Each structure stands twice: as structure tokens, then as C-alpha cells.
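[1] Only the shape, not the letters, is given here:
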């Protein structure tokens, strides 16, 4: 397919396995993620989705397998073979990580503006006026009133905190964002707003993302591709609409038929 | 869209079968399509006919890659002229074909919370980083299509979740026609439309055909079918396997 710089995958996961002690939690997962592509990882609690996400995001080292990422120059490099310093730089520039609980991804005791601008400061930007202008711009993009820029996130509602966390991650224009249940725990109208925003931002910025969710509707809305996990294994994968409309594996059929249709 | 010359083959189904295995019901196998073959060329409009349950919609979904075939091959002509087998293609290839080579109008609009009707219609034009349209250009074109399909301007900025069935169907049609693609799959596009709008859809189909678009469609209304279809393929019931 001829599409500019999309000739190699952005991220390549090969035979990934994770074990806690002798208990294996994730077994033999392989997939490629291409620039601009959103992949949903679905499955019930305990299926290994979050463990997989954390391993792929280099937040912990898997017991087997390999993950390589296409650096800006185009070279694929193993994320586990990088130095700690390289990984940190990657994590705060080209990658983002959105936690299920916003408090895990925010600094609750500094202002919203400082939260959003932190990654820019880590990259060496020091001009206060510029930092504030960019923070203001991003607050607006995630529909938080710039008048709240000096307020601390512990004065924000759950939905606002989640949007703040997203702004904080996207300000450096990352190419890949990991999201762990980004919308769970929010009430439906707040969830709809967040989903709409995520959908728009991933499209406008050509962002690739891996989204762990147990909500099939969220997966359908955001992701082109889907990976279904059960007991640490990928039991089915494919186009999102294909997996949801024509599920092949018994577990996927159970999952799809268990959803309430409002 | 680069218009394919008339009679260029666009779609070829070779002995396509589809059965659903219902694992939750003691792995019952439900055959819906058996060794179905069909060829379709540029400028043709082929009607799939037959009573409900013959697998007409299934054929469209198989071609679009929404269902996975149990047997056979489905070749769709890509924009660079290659016949790509949907049943073997990877996810990226299918997505690329959907965005450039084929469009599918389902009977129901999948609404997206909070997104205005005009943006839902404009969306296909803005897909991909290489889209030649700016958001305002895309909205302008979307407005043109909404007007043509008689959606009241007062509705354009509203999310279509609360629209009537006919309005939702017209949004769906506008959304597919806004970005011409060589192959068009239509699943009862006029099912909930009034005569005036049905007439508009008939005109749209005729225009698309004149531009070389190949159409595979399901039309329950015989009058509609007679005015749009160049050929009819009758779907046969599957004889129960011994």
C-alpha cells in the first residue's frame, strides 16, 4: 500500500510472554502496529490485557519475546535494549501513557498548567510565556477552560482530570499512546465527550494507540483493529467490526453476546 | 476517483461459502451461503434478489470484509488495478480498500455520540493523513450532499441519534456518496425513504453508474430495482447438507 512513511510498522511485538514468578500471565503475543492505527485490546479482568500493555510500553520487562519501535530516523530498536535514559526520553516525547486512574498520571499537587507543560520543560523549554501559551492551547483542545490553568487537578472532576491527563500526554505530539481503560469510571455523558475527543485527536494527529478496554463499544468507536485476550492468550484478532460482527472464537462469541444493547 | 473503463472487472466472487459456527449453542453450524459466484464490472448495477434469509446481506458483508468467508475467494479491484483477495488480505489492506476502492451503505446508521450530522457526512473525506481536503472544504461538500438529500439545515449541527429512520438512512447515503469509490455496496438504500427521496437515490445510482461505478445492491422494492439494476442475480436457498 502506498502511503508515505507507512512502509514499516511503528511498533512490532513478537512472541511476548510475561510471568509473575512461575505463573505465566501473558503468553506468546505478536502483532504489528502501523502509524496512525488504533488497536483495542479487549478481554475480561485478569486476562492479561494490562500486563501486556505495561510490557509493550516498557514499564516492565517481559520474560520472553521482543518489542521494537521505529525511532524517528526509521530504525527499529528493541525497547528493552535501550538505556534507561533513552527509554525515559522516548516515554516523554514520542510516547504517551494514559492511566485508568488519572491521579496515577498527574501530579495532583501542582497546577493544571504545570501538569500540561511538564513534558515540554523536561525537553528543555524554559520560556515561561511560551509554556503557558501552549498549555492554554491544550487545555482548550481538551475543553478545559483556560481560567482553570492555575488550579490544581485535585479540584477537578474525574472527567476533567482524565482530559487533563490526555493533554499532558499529547502536548509533545507523540506518535504512540498507550491507554489503560481511559473511559471506565466516568459517567456516560462524560465518557461520550472523552471518546469523541480521543477519536478526533487520534485522527487529526495521525496518532497510533493501543487501548486496553473491557468495553466493546469503546473499542468499536476508537479502534480499527482488535485483539481479544483470554487467560493470557490472544484468542482472536482482526478488524474491529469483523471481530465484533462475525466473532469466530467461542470466547469472543460469549463476550459479544454478553453486551447489553441500550 | 480514477474512473475505470466500462466493463473493467471490479469484483469477482469465486465459490464463496459462509457458515456461522455458534459455539454457545453446542457448536451448531448455520450455513448461509454455499459456493456462490458472481462477477461485476464497472458501470453495472447488479441486484441480489430473493426472499429474506437467502444470504443477500451476507454477500455484501463478505465483500466489504465485515464477515469472514468460510470458503472461496473474493477479489476486489484496488485503485492500482490489482485484484486483491479480501478473504486473504490483512487488516491494513482491507482498510485501504474500504477507504479507496469500495463503499458500503448499510441499512442502519451507526451514530457517534456528540458528532454533528454534517461532520458524520464529511468524515470519509478527512480520513488518512494524505487527505486532500481541509475540514472546511469537507463540510462544504457535506452541506451540498445534505441539501441534495433534503435534510433540513436546522438538523445539520445536531448528532443524528434522535433523527428519524429515513433521515438517518439519508445521512448514511450522503456519507457514502460524498467520496466516490469504484465499487458501491447498497443494502436496501431506499427502505425507509419517501417517494421523493427514493427518486433522488435512484438518480444518484444512475449518476454513479454513468461515472463507471459498479454497484452490488439489495432492493426490495421492485420498481426501484427495475429503474436502477442492469442485471439480477437470484439467490438460491441452500439445500441441507446430508
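    Cool, the structure landed. Because the structure is a prediction, the values reported are computed rather than measured.

[2] Is residue A:97 located within a helix, as I assumed?
    No. Counting by DSSP: H, G, I helix; E, B strand; the rest coil, residue A:97 is located in no helix; its state is strand.

[3] Report pLDDT for it.
    Reported pLDDT at residue A:97 in the predicted model: 96.

[4] That one and residue A:182 touch, don't they?
    No. Look at residue A:97 against residue A:182 with C-beta atoms under 8 Å: they stay out of range, at 10.5 Å. Heads up, the C-betas are built off the backbone N, CA and C, glycines and all.

[5] Looking at those two, which is more packed in?
    residue A:182 (26 against 21; other C-beta atoms under 10 Å in any protein chain shown).

[6] Which positions in chain B make contact with chain A?
    Those residues of chain B that sit near chain A, judged by C-beta under 8 Å from any C-beta of the partner chain, are B:20-24, B:61, B:65-68, B:80, B:91-96, B:112-115, B:126-130.

[7] of those residues, buried ones?
    With burial judged by 16 or more other C-beta atoms under 10 Å in any protein chain shown, the buried subset of the residues of chain B next to chain A is B:20, B:23, B:61, B:65-68, B:91-96, B:112-115, B:126-128.

[8] All the strands of the stretch 151-262 of chain A, residue numbers only.
    Listed in chain order, the strands of the stretch 151-262 of chain A (DSSP state E, counting those that start in this stretch) span A:176-180, A:208-212, A:225-230, A:233-239.

[9] Any part of the last one near chain B?
    Just to be clear, that refers to strand A:233-239. Yes. Counting by C-beta under 8 Å from any C-beta, chain B is contacted by strand A:233-239 at A:238-239.

[10] how about TSV for the strands of the stretch 151-262 of chain A, with mean neighbour count, mean pLDDT and distance to residue B:100 added?
    Output for the strands of the stretch 151-262 of chain A, formatted as TSV (neighbours: other C-beta atoms under 10 Å in any protein chain shown; pLDDT from 0 to 100; distance: least, C-beta to C-beta, whole Å):
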stretch	mean neighbour count	mean pLDDT	distance to residue B:100
strand A:176-180	24	95	25
strand A:208-212	25	96	20
strand A:225-230	24	96	18
strand A:233-239	20	96	16
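
[11] Which of the ones you listed sits closest to residue B:157?
    For the strands of the stretch 151-262 of chain A, the distance to residue B:157 is smallest for strand A:208-212, at 28.3 Å, taking C-beta to C-beta.

[12] List the strands paired with the closest one, with their directions.
    Using DSSP bridges, strand A:208-212 pairs in its sheet with strand A:38-42 (parallel), strand A:176-180 (parallel).

[13] Tell me the buried residues in whatever helix or strand comes next after the first one?
    Which is strand A:38-42. Next helix or strand after strand A:38-42 toward the C-terminus (DSSP states H and E): helix A:49-56. With burial defined by 16+ other C-beta under 10 Å, the residues of helix A:49-56 counted as buried are A:49-56.

[14] in the helix or strand just after helix A:49-56, what counts as buried?
    The helix or strand immediately downstream of helix A:49-56 is strand A:64-70, counting by DSSP H and E. Buried residues in strand A:64-70, counting neighbours by 16+ other C-beta under 10 Å, are found at A:65, A:67-70.

[15] Once you drop chain neighbours, what's closest to residue A:141?
    residue A:167 (6.7 Å; C-beta to C-beta, 6 or more residues apart in numbering or on different chains).

[16] by contact count, what packs against the helix or strand of chain A with the lowest mean pLDDT?
    Scoring the helices and strands of chain A by mean pLDDT, DSSP states H and E places helix A:188-205 at the bottom, with a mean of 83. When contacts are defined as 3 or more C-beta pairs under 8 Å, 6 or more residues apart in numbering or on different chains; DSSP states H and E, helix A:188-205 packs onto helix A:158-170, helix A:216-222.
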